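Visitor: Got a predicted structure plus its sequence, pasted below:
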Amino acid sequence: MRALARLGAMRARGDSLMTLTLKAYAPNGTTTVNDQETFAFTAKGTTKGELRGGSATTRDTVTRTVTIGSVEVPVVEGGLRVPISATIPKGGERGTGWEYVVTAVGGTDDRGLVGRRYLVVNSPAESRATRRRLDVAEVPQ
């Protein structure tokens, strides 16, 4: 019981450090816009979040990439973090995975993050997790 109380406290502390506001979108087939077929998404609400880049020791050793459109982009393992209470997003190739869009930042965050989109490639499971660490790739603008 004591371990569960500690885990709850750690989760609360982790949540308090998440200063980004993210809007989640789930894929929902395709739609036609200006005579072009494109992916359709359904809004799944907002959540707090935190963005982490690769560490300095792993920056040059990208082991996984994903193709978005015709652009190959690196996957950042655990790059996007959301509360453990957030809905579990599905990962996948472009058009099959959830996307998160940064809609607001906290006072000390980089304002240049607003509007950036991230494709969830994988949502690894973890026991006694304090947050969901999502493997993501930034969607090219």
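Guide: Yes, it's here. Residues are numbered from 1 along each chain as shown.
Visitor: Next up, the contacts around Val76.
Guide: Contact analysis of Val76 by CB atoms under 8 Å, 6 or more residues apart in numbering lists 52-54, 135-138. C-beta here means a position set from N, CA and C on the backbone, and glycine is covered the same way.
Visitor: Please narrow those residues to those residing in strands.
Guide: 135-138 (DSSP state E).
Visitor: Considering these, which is situated nearest to Leu17?
Guide: Nearest to Leu17, judged by CB to CB, of the ones in strands among the contacts of Val76 is Val136 at 18.3 Å.
Visitor: which residues does the closest one bridge with?
Guide: For Val136, the beta-bridge partners are Val76, Val120 (DSSP bridges).
Visitor: and stretch 128-141, which residues are buried?
Guide: 130-139 (16 or more other CB atoms under 10 Å).
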